[in-house]
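> The sequence and its predicted three-dimensional model are supplied below.
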Amino acid sequence: MSAESINPEERSVGVLPEGPAVKQNIARRQLIGQIWRGIFFFAIVFGLVALLTLILDVVNDSFGLIATQSEVDEQEITGGRELEDLSQAELVAILNENLSRRVLTRLNREQPLEERDAANLVEVIETEVLKTELVAVFPLWESLTQRAAIEERVTERFPRAELSWKAWVNWDFITTPMSSVAFNAGVRTAILGTLWVTMLTALIAIPVGIFAAIYLEEYADHRVWYNKIIQTNINNLAGVPSIIYGMLGLAIFVRVLEPFTSGAFFGVSSGGGATLNGRTILSAAFTMALLILPVIIITGQEAIRAVPNSLRQGSYGLGATKWQTVWNIVLPQAFPSILTGIILAVSRAVGETAPLILVGASTFIVTDPNGPFSKFTVLPIQIYTWTQQPEQEFKIIAAAAIVVLLIVMLFLNATAVLLRNYFRSKRVSV
Amino acid sequence: MADQARARAESIGVSIPTEATVDLSKRPHIGETIIQAILFICGVLSIFTTVGIVWVLFQQAWLFFGDPEVSVLEFFTTFRWVPEIGLFGVWPLVTATFMTSLIGMLVAIPFGLAAAIYLSEYASDRVRSVVKPLLEILAGVPTVVYGYFALGFITPLLRNIFGINTVNIYNMASAGIAMGILILPLIASLSEDALSAVPQSLRNASFGLGATRLETAIRVVLPAAASGLVAAFIIGISRAVGETMIVALAAGAGPNLTANPFDSAETITGHIARISGGDISYGSIQYTSIFALGLLLFVITLGLNILSRRLVARFREVYE
C-alpha cells in the first residue's frame, strides 16, 4: 500500500499513547506478572515441601519414645542393681532362681547357660523372666514436645511401664530376620532378598539392554520395517504399568517355566530356602529385568547417539571393523551416560513392589535366601506388608524399613554419580 | 617419502606391505556376523516381551470370558464386582480408577505445569540446577513409600480438616493426592521440555511488542507448546491409571461404586494386587479375572501412550 493512500485519521492510530492512564496500565500488568511469578514459584515450593514432609514423616515415625512394661520388677530380682552391671555368674544365678525346671532345661539344651556371654544372658532374662512387653509407641515430634503429657498418660494407663528412647532403625533391625512381634522384627531377610533380586536383574538386563541399544543405534537400518517395529515397541513397553509385567512374570516365569525357575530342572531339591515352585528369586529377577529393559535401552540409545560421528569415521579410517569401532571407540565414549541410565533403572527395580506381589514374594519368611531358587521377600514388599497391619508398632517398623530402603537407594545413586564423574574424567574430550 | 617411512617402520620391526600385496576387497568377518546376530537377538527380545504380555493377557482373559458364569456383556454393563458370588461388573473398579486418577491429575497438572513455567520462563540456570535434581528425587521415591505417606500423613490430615466422620480411614482422596505428588515431577519435567522447545524468536517477538514475561508465557509460549503439554498430561494420566501401590495401601479394599472421594473404593490395579497377594489357585475364575482386568488396564494405558506419542510427533514437526 502506498503512503499516499493512508488517510489522516488512520495515521493517528500510530501515535504512542501517553499519560497517567498508560503508566497505570503498565504498572498493573507488571504487578499481575509479579503475582503470577509468585504463584508459579509456589508450585515448586509445594513440590519441595511435599518431599521434605514425606522424609520428615518417615523419620518422625522411626524414632521416639516407647513404653515397655515387665511382668516382674527388675529391681526385685537383681537386688536393686542394674542388669547390665551384674557379672555372668550372677546372671546365671538369677535365671536358675526365677525360672522353672522345664524352661531351664530347654535353654540349656539350646546352649548351656554357663557358656553364654553376659549380653545374651541379659536378653534371656528380659524375655523369659521380666517378660518385657511393648505397650505404647510415640513418634519423634510428640516425644520431644509433649514429654510431660506422655509420661502422665503412660503412668496412668500402665503404672509399671518404663519410658525409654528407641531408634527403630539400628543395627539389630538390619541384622535380625522377620518376626511376628514388631518389637523383635528386622529386615535382614528382606535386605538379602533385595540384594539377590537386584543383582540378578542387573546381570540379565544390563548386557541385553546395552546390546539392544547398540543394535538399534549402530546396526539397524531404520527404514526396514522390522527395525521400525522394534523401536516403536520399545517406546511403548516403557509406558506399560509395572503390574502388567507382574502378570507376565506370574504366567510365564512362575507357571510355564516352573521346572526351570524352581530349579527342579537343575536337580535342586527341597530344604533350605528352596520352594520347589516357581515363586523364586529367579522368576522375580527375570520379571524385573523385562521391566527395566526399555529404560536401559532408551537411555543407552541416547548415550550412543551423542557420540560424535567423527570418532567412528576416524576408527574406520584406521581400518577397524564395525564391532572394533563400537567396542573400542563408541562404547567407552558413551559409557558414563549409559551408566546413569543403568543406575536409574536399577534403583527403579529396587523400589518396585507391584510386580513382585504377583510373582509371589513371601510375606513372612525368616530363612535367608541362599540362591536363585530360594523363596524370597524384598524391602518394598516388607514395607507393604507392615503398612497394611492395623497395629501402630507395625507402621513404625514400616517407617524404619523405609529409612533403610531410602538409604540403599541414596547409596546406589551416589555411587552412580561418582562412577559417572570418574569415567567422564577418563574420556577423550572431543 | 614413502621409502623413508618404510625404512623407518622396518627399523622398528613393523613391516608395511608393498602395493602389490595389498588386497583392498572386503573380507568376510565371521566374528562380526555372529556379533551382529547376537545384537539383533537382544533387540528382538523386546518384541517377545510384548508378544508375551499380549498372549498371556488375551489367553487368560479368553478363559475368563469363556466361563459360563461370565459374559463380555455382563463385564461391561453391570455394576457389581463380587468374584466370590460370580458377579463381574467392572464399573466399580473403573470408576475408582477414574476418581483416584482425576484427583491425582487435579494436583499434578496445575502444580506440575506452574513449576514447568517457572523453570522454563523465569528461573536462572542456578535455580534450575538445584530444583531439577530435587524434583527428580521426588519422582524417584518408591511408590510404596507414597502409599505409606498417604495412609500415615495425608489421611490423618484430611480427617483433621474435614472431620473423622466424613473421611474414611481408607479413601480415594488421600490416594489421589499422594499420586498427584508422585506424578508432579513427571508432568513438570515433560512440560518443561515442551516449553523449552518453543523457539526463542517467538518470545523475543512478543517482548518486542511490549508484552510482559507473564503475557509472553501465557499467550505465546503456552499455545505454541500446547500439543507437547497435552502429551505430557496424557502420559501423567496413563501413569496414574497404572499406579498400584498407593491405591493398594490407601484407597481401601473392596470394590465400591461411589462418587464420594472420601469413601474407600478399590481400583483396577488395587484389586489385582489384593487378589494376587492372597492364595488363589491357578485356573480359578478369580485368577483369570485379574488377567481380564489386566487386559483392560493394558488397553487403556497403551491407548493413552500412543495418543501422547502422536501429539509429540506433531509438535516436533512444527518446530524442528
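Okay, I see it. Numbering: from 1, shown residues only, chains lettered A, B, ... in the order given.
> is it true that A:Val154 touches A:Ala148?
No. Using Cβ atoms under 8 Å, A:Val154 is not in contact with A:Ala148; the gap is 10.9 Å. For every residue, glycine as well, the C-beta is placed using N, CA and C.
> what about these two, which has more around it?
Counted by other Cβ atoms under 10 Å in any protein chain shown, A:Val154 and A:Ala148 do not tie: A:Val154 has more neighbours, with 20 against 8.
> That one falls within a strand, correct?
No. According to DSSP: H, G, I helix; E, B strand; the rest coil, A:Val154 belongs to no strand; its state is helix.
> list the contacts for it?
A:Val154 makes contact with A:67, A:135-136, A:161, A:163, according to Cβ atoms under 8 Å, 6 or more residues apart in numbering or on different chains.
> Can you tell me, leaving aside adjacent residues, what's nearest to it?
Residue nearest to A:Val154 in three dimensions, not counting chain neighbours: A:Ala67, with 4.7 Å by Cβ to Cβ, 6 or more residues apart in numbering or on different chains.
> Checking the one you found next. Helix, strand or coil?
Secondary structure assignment for A:Ala67 (three-state DSSP): strand.
> can you check B:Arg27 too?
Going by three-state DSSP: B:Arg27 is coil.
> what does the domain assignment say about chain A?
A:21-60, A:65-168, A:188-426 (automatic domain parsing).
> Quick check: buried residues in the shortest one?
It stands for domain A:21-60. Residues of domain A:21-60 classed as buried: A:33, A:36-37, A:40-41, A:43-44, A:46-48, A:50-51, A:53-55, A:57-60 (neighbour count, 16 or more other Cβ atoms under 10 Å in any protein chain shown).
> Identify the single longest helix in the chain, thanks.
I'll assume chain A. In chain A, taking DSSP state H as the definition, the longest helix is helix A:20-62.
> nope, chain B
In chain B, with assignment by DSSP H, the single longest helix is helix B:30-66.
> Give me the next element, helix or strand, following it.
Heading C-terminal from helix B:30-66, the first helix or strand you meet, by DSSP states H and E, is helix B:72-77.
> list the buried ones in that next one?
Buried residues in helix B:72-77, counted by 16+ other Cβ under 10 Å: B:74-75.
> From the chain's centroid, how far away is that helix?
Distance of helix B:72-77 from the chain centroid (Cα atoms, centre = their mean, to the nearest Å) equals 28 Å.
> what does stretch A:231-248 give?
21 Å.
> Alpha carbons of it, as CSV, please.
Presented in CSV, the C-alpha positions along stretch A:231-248 are these (Å, rounded to 0.1, in the frame of the first residue of the first chain):
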residue,chain,number,x,y,z
GLN,A,231,11.8,-49.2,18.1
THR,A,232,8.1,-48.4,18.4
ASN,A,233,7.7,-51.5,20.5
ILE,A,234,10.4,-50.5,23.0
ASN,A,235,8.9,-47.0,23.3
ASN,A,236,5.5,-48.5,24.1
LEU,A,237,6.9,-51.0,26.5
ALA,A,238,8.3,-48.2,28.6
GLY,A,239,4.8,-47.0,29.3
VAL,A,240,3.3,-50.3,30.3
PRO,A,241,2.3,-50.3,34.0
SER,A,242,4.6,-52.4,36.2
ILE,A,243,1.8,-54.6,37.5
ILE,A,244,1.3,-55.9,33.9
TYR,A,245,4.9,-57.1,33.9
GLY,A,246,4.0,-58.9,37.2
MET,A,247,1.2,-60.7,35.4
LEU,A,248,3.6,-61.7,32.6
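> does any bit of that stretch sit next to chain B?
Yes. On the criterion Cβ under 8 Å from any Cβ of the partner chain, stretch A:231-248 is in touch with chain B at A:233-237, A:239-248.
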